[in-house]
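Trainee: model this:
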Amino acid sequence: MNARAPRAGRTWAQWGRIAVAVALIGFLCWKAGIGDLTAASISWGYALAALALTPLSILVRAYNHSLLLNRPHRVLSLWDAFVLTLAGIGINLFVPTGASDLVKAHWGWRMHGNPEAMVVSSVLDKLTSLTALAAIGALGAVAAGTPVLGWAALALFVLTLLPFVAPRMVPWRLLLRFLAPGADIDAEMVTAVGRPPLPLLLWVYVVSAGAWVVTYAVMWLCCLAVGAAVTPAQVLAFAPLSSLARLVPVSVAGIGVGEVTMAALLSRVGVAQDVAARAVLLSMTIMVLLPGAVGAVIVARGRTREA
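Mentor: Down below sits the predicted model:
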């Protein structure tokens, strides 16, 4: 009975996160007037441009991961890193926020081997991405006048730098034992991947920031598609805050939390509530659900090959 209790608790927690996500998306659909969408005009040119730009944002993220993954020797091609990134997006739809990168690392190891590079680079890729997001989010919080989110972004910025300032604090052996059970671990390889040289690390931060900018360009196009009169600067200020809100583990994959946050911020600059809701629902479909569906198929096919 005692062994089953934690598992039952995790199951109920997962269903609770799903319920929160459904409730928040339902709220946005209600605000968007989902029953009368025929009256809503959508500029399909902007929507298709957002859809076309989404693979580029994923490709930049894949390139960023490959910079860390392919050190000190080449492990994956850029295409394989792109597929791995898509798989991570698919995994993110089914696991708690923050755990998807660890599950992706495990899946990547099962598909491609190289446990040291796969696990360590996945963790560092997540950390550098969060550092870049926190930096942009802190600036966005100042522009949006949201000091609480600004301080949260600043705290996240500092925390994500710590593993690079004090690399010995990261329990790589424990992570590898958990994510790549039974694998022969090369301690020198762990050190080589886990301590990237400063020039490479700085370039990774630049690419990470670029990936977020491309992602938020998709968000801006989605706003234009539904007639939300916002500037790129406003989206760049608000969108990082919605990404930070998505990290709060109250809904599955953070779905709904980031969208409600973004819709509220858009309303603050005069966007009608129904238009703001349509913008975030469109961006969620293009940036989260569609790539996630492709990624889920990739993961399912990988499991089939393993079987």
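
Trainee: Run a quick neighbour tally on Ala135.
Mentor: 20 (other CB atoms under 10 Å). C-betas here are computed from N, CA, C, even on glycine.

Trainee: what's downstream of the helix or strand it falls within, the next helix or strand?
Mentor: Here Ala135 is covered by helix 115-144, with elements defined by DSSP states H and E. Downstream of helix 115-144, the first helix or strand assigned by DSSP H and E is helix 147-165.

Trainee: quick check: angle from that next one to helix 115-144?
Mentor: Our comparison of helix 147-165 with helix 115-144, counting by axes from the mean of the first three to the mean of the last three CA atoms, to 10 degrees, yields an angle of 150 degrees.

Trainee: Distance from helix 147-165 to the middle of the chain?
Mentor: Averaging C-alpha positions (CA atoms, centre = their mean, to the nearest Å) puts helix 147-165 17 Å from its chain's average.

Trainee: and Pro181, which of the three is it?
Mentor: Reduced to three states with DSSP: H, G, I helix; E, B strand; the rest coil, the structure at Pro181 is coil.

Trainee: Now do it: how many residues are near it, please.
Mentor: Neighbour count for Pro181, taken as other CB under 10 Å: 10.

Trainee: give me every residue that touches it.
Mentor: With contacts defined as CB atoms under 8 Å, 6 or more residues apart in numbering, Pro181 has no neighbours.

Trainee: Quick check: pLDDT value at it.
Mentor: The model reports Pro181 with a pLDDT of 90.

Trainee: Likewise for the one 5 residues further on?
Mentor: Model confidence at Asp186, expressed as pLDDT, equals 87.

Trainee: Setting aside sequence neighbours, what's the nearest residue to it?
Mentor: Leaving aside its chain neighbours, Asp186 sits nearest to Glu116 (5.7 Å; criterion: CB to CB, 6 or more residues apart in numbering).

Trainee: For Gly16, give its distance to Val250.
Mentor: In this view, Gly16 and Val250 are 8 Å apart by CB to CB, to the nearest Å.

Trainee: List the contacts of Glu116.
Mentor: Taking CB under 8 Å, 6+ apart as the contact definition, Glu116 lies against 176, 185-186, 189-190, 193.

Trainee: Same check on Ala134?
Mentor: Per CB under 8 Å, 6+ apart, neighbours of Ala134: 153-154, 156-157, 160, 244.

Trainee: Low-confidence regions, the stretch 151-300 of the chain specifically.
Mentor: Counting by pLDDT under 70, not a single residue of the stretch 151-300 of the chain qualifies.

Trainee: Kindly recompute the last result at 80.
Mentor: Across the stretch 151-300 of the chain, the ranges flagged by pLDDT under 80 are 249, 252-253.

Trainee: before we move on, what about the stretch 1-150 of the chain?
Mentor: Filtered on pLDDT under 80, the stretch 1-150 of the chain yields the residue ranges 1-14, 34-41, 95-99, 143-146, 148-149.

Trainee: hmm, 90 instead?
Mentor: 1-22, 24, 27, 29-42, 71-73, 92-102, 136-150 (pLDDT under 90).

Trainee: all helices for it, in order.
Mentor: In the stretch 1-150 of the chain, the helices defined using DSSP state H, counting those that start in this stretch lie at 4-32, 44-69, 78-92, 100-112, 115-144, 147-165.

Trainee: now the ones you listed in CSV, with distance to Gly270?
Mentor: Listed next are the helices of the stretch 1-150 of the chain as CSV, based on distance: least, CB to CB, whole Å:
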stretch, distance to Gly270
helix 4-32, 16
helix 44-69, 19
helix 78-92, 32
helix 100-112, 35
helix 115-144, 14
helix 147-165, 20
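
Trainee: circling back: is it possible to get the contacts of Ala134 out as JSON lines so that each row also shows distance to Arg168?
Mentor: As requested, the contacts of Ala134 are exported to JSON lines (distance: CB to CB, whole Å):
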{"residue": "Ala153", "distance to Arg168": "26"}
{"residue": "Leu154", "distance to Arg168": "25"}
{"residue": "Leu156", "distance to Arg168": "22"}
{"residue": "Phe157", "distance to Arg168": "21"}
{"residue": "Thr160", "distance to Arg168": "17"}
{"residue": "Leu244", "distance to Arg168": "28"}
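
Trainee: about what we covered before: if we compare the helices of the stretch 1-150 of the chain, which one ends up closest to Leu281?
Mentor: helix 4-32 (5.7 Å; CB to CB).

Trainee: Val260 is in contact with Phe27, correct?
Mentor: Yes: assessed by CB atoms under 8 Å, Phe27 is found in contact with Val260 at 7.1 Å.

Trainee: Ok, which of the helices of the stretch 1-150 of the chain comes nearest Ala229?
Mentor: Smallest distance to Ala229 across these (CB to CB): 12.7 Å, for helix 44-69.

Trainee: contacting residues for Thr128?
Mentor: Applying CB under 8 Å, 6+ apart, we find Thr128 in contact with 64, 68, 160, 201, 204-205, 208.

Trainee: This completes my enquiry, with thanks.
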